[in-house]
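**Student:** what shape does this take:
(one chain, ligands or ions: 1)
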Amino acid sequence: MRVLILGGDGYLGWPTALHLSDAGHEVAVLDNFVRRQYDHELGVRSLVPIEPLRARLDAWHEVSGKRLTSYVGDLLDAEFVAATIRGFRPDAVVHFAEQRSAPYSMIDRKHAVYTQHNNVIGTLNLLFAIAEENPDTHLVKLGTMGEYGTPNIDIEEGWLDITHNRRTDRVLYPKKPGSFYHLSKVHDSHNIEFACRAWGLRATDLNQGVVYGQQIPQTARDPRLATRFDYDAVFGTVLNRFVIQAVLGEPLTVYGSGGQVRGLIDIRDTVECIRLAVEHPAEPGEFRVFNQLTEAMSVLEMAKVVANQFPGPIEVEHLANPRVEQASHYYNVRHTGLVELGLRPHLLSDTLLESLFRIAKEHRHRVDRAALRPTVRWRRTSSPVRS
Ligand SMILES: O=S([O-])[O-]
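**Tutor:** Here you go, the predicted model:
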């Protein structure tokens, strides 16, 4: 199949491109490199050095004999998006090209507006381009489990059958997201569902849990193929950050009591879920939703798993929670769709953590410790990004 990966230079977009290329698909990547600019803005960098896209593409050609096409541009440029779809004629478009940090979206008004404008309008431009250029294209969109929040009822896969005053209907599952970033994904989900209904587009919304890990077999084939590994309080995902804090001898910083439960997924399963979604497209007119997680754990449990595996003393430090979220709550998520398509999950294991500790040790000299401390406060309308 011909697969276009939007955000193909990013943490997950890049490994996904290699995984699909390795599986025999014809892959193109599109990116505007804004993720690399956030690093400059925040004064941080990926723990593992990453190569420019051009060098990555050459390295993949060298090790695999395969070439990926690349498009450099912005989804806010509607003409560029349409021309890319027209030129590459993808069977599937995988959309990772959004600002994906909740703290970043909560820095201040400017960052909130930027996040929603970038994410929502970029996705709208994409929907129009697909509808006008090739409506049979399957859109695989990265959503987040954070769209649902933590409701006191079971979380279904995107849709809810509801009986109200003796009448029944199937509705989009009600959302209670926890940041302007998460809200941008909720807005996207509604826009995409409407486009499926109005224009008969086919889409899969993947509500992904918190991703951990840094390597997949394809990126491990050459150091130039490495993907990012973020540890900072703005872009670092929680488990990856704990691993790095452990290696540095820093306390694992748990926000509040740590009772908040999150869905988790190994990066190797992320790329496999995308392959499964691409190879089993939604039907025309169908807005299909999968909850893309393989296990659920409280933040404190994650800290304990890391502490138990780390060969050395570890402290856990509870910080006043900078976010507004429930500290203890019901959490029960249905996530059977991807398993039915054939996903065989990697659950969080000692081997995975050992390899992450090794990667973190190798690059520990690159860490800026100050960047580990959270500074963005949900209860304020404006926060400094550095203390
Ligand atoms: O590519 S990332 O880190 O959103």
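
**Student:** any idea which residue of the stretch 1-150 of the chain lies closest to the ligand?
**Tutor:** As assessed by C-beta to the nearest ligand atom, the ligand sits closest to Gly10 within the stretch 1-150 of the chain, at 2.6 Å. C-betas here are computed from N, CA, C, even on glycine.

**Student:** double-check that residue against Phe235; I have them as touching.
**Tutor:** No. Between Gly10 and Phe235 there is no contact under C-beta atoms under 8 Å: 10.5 Å.

**Student:** longest helix of this protein?
**Tutor:** Secondary structure of the chain per DSSP state H: the longest helix is helix 180-199.

**Student:** near the ligand, which residues of the stretch 101-250 of the chain are found?
**Tutor:** Contact residues (C-beta under 6 Å from any ligand atom) of the stretch 101-250 of the chain with the ligand: 228, 230, 235.

**Student:** now neighbour count and pLDDT too, for these, in CSV please.
**Tutor:** Formatted as CSV, these follow (neighbours: other C-beta atoms under 10 Å; pLDDT from 0 to 100):
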residue, neighbour count, pLDDT
Arg228, 22, 97
Asp230, 24, 96
Phe235, 23, 97
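
**Student:** out of the residues you listed, which are inside helices?
**Tutor:** Using DSSP H, none of those sit in helices.

**Student:** turn those into TSV, including distance to Val27.
**Tutor:** Below are those laid out as TSV (distance: C-beta to C-beta, whole Å):
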residue	distance to Val27
Arg228	19
Asp230	24
Phe235	25
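
**Student:** looking at those residues, which is nearest Ile155?
**Tutor:** The shortest approach to Ile155 among these belongs to Phe235, at 25.4 Å (C-beta to C-beta).

**Student:** can I assume that closest one is in contact with Ala102?
**Tutor:** No. Judged on C-beta under 8 Å, Phe235 makes no contact with Ala102 at a distance of 10.0 Å.

**Student:** so Leu319 touches Thr253, yeah?
**Tutor:** Yes. Leu319 lies in contact with Thr253 (C-beta under 8 Å); the separation is 5.4 Å.

**Student:** neighbour count: the two, which is higher?
**Tutor:** Taking neighbours as other C-beta atoms under 10 Å, Leu319 and Thr253 compare with Thr253 leading, 21 against 13.

**Student:** what bridges to the more buried one?
**Tutor:** Beta bridges link Thr253 to Glu317 when assigned by DSSP bridges.

**Student:** and it, how far is that from Asp230?
**Tutor:** Look at Thr253 and Asp230: by C-beta to C-beta, to the nearest Å, they are 15 Å apart.

**Student:** check Lys304 too.
**Tutor:** 22 Å.

**Student:** cool, Asp205 as well?
**Tutor:** Remark: distance between Asp205 and Asp230 (C-beta to C-beta) = 24 Å.

**Student:** helix, strand, or coil at Gly10?
**Tutor:** coil (DSSP: H, G, I helix; E, B strand; the rest coil).

**Student:** on that earlier part again, shared neighbours, Leu319 and Thr253?
**Tutor:** Shared contacts of Leu319 and Thr253 (C-beta atoms under 8 Å, 6 or more residues apart in numbering): Pro374.

**Student:** isn't there a strand covering Leu352?
**Tutor:** No. Read with three-state DSSP, Leu352 is helix and lies in no strand.

**Student:** wait, what's in contact with it?
**Tutor:** Leu352 neighbours (C-beta under 8 Å, 6+ apart): 212-213, 266, 346.

**Student:** mind running it again at 10 Å?
**Tutor:** By C-beta atoms under 10 Å, 6 or more residues apart in numbering, the contact list for Leu352 reads 212-215, 239, 243, 266-268, 309, 346.

**Student:** in a markdown table, list those along with secondary structure.
**Tutor:** Formatted as a markdown table, the contacts of Leu352 follow (three-state DSSP):
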| residue | secondary structure |
| --- | --- |
| Tyr212 | strand |
| Gly213 | coil |
| Gln214 | coil |
| Gln215 | coil |
| Leu239 | helix |
| Val243 | helix |
| Asp266 | strand |
| Ile267 | helix |
| Arg268 | helix |
| Gln309 | helix |
| His346 | coil |
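
**Student:** so can I have JSON lines of the residues you listed showing neighbour count and pLDDT?
**Tutor:** Formatted as JSON lines, the contacts of Leu352 follow (neighbours: other C-beta under 10 Å; pLDDT from 0 to 100):
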{"residue": "Tyr212", "neighbour count": "22", "pLDDT": "96"}
{"residue": "Gly213", "neighbour count": "25", "pLDDT": "96"}
{"residue": "Gln214", "neighbour count": "25", "pLDDT": "96"}
{"residue": "Gln215", "neighbour count": "20", "pLDDT": "97"}
{"residue": "Leu239", "neighbour count": "25", "pLDDT": "95"}
{"residue": "Val243", "neighbour count": "29", "pLDDT": "96"}
{"residue": "Asp266", "neighbour count": "22", "pLDDT": "97"}
{"residue": "Ile267", "neighbour count": "24", "pLDDT": "97"}
{"residue": "Arg268", "neighbour count": "17", "pLDDT": "97"}
{"residue": "Gln309", "neighbour count": "19", "pLDDT": "96"}
{"residue": "His346", "neighbour count": "17", "pLDDT": "96"}
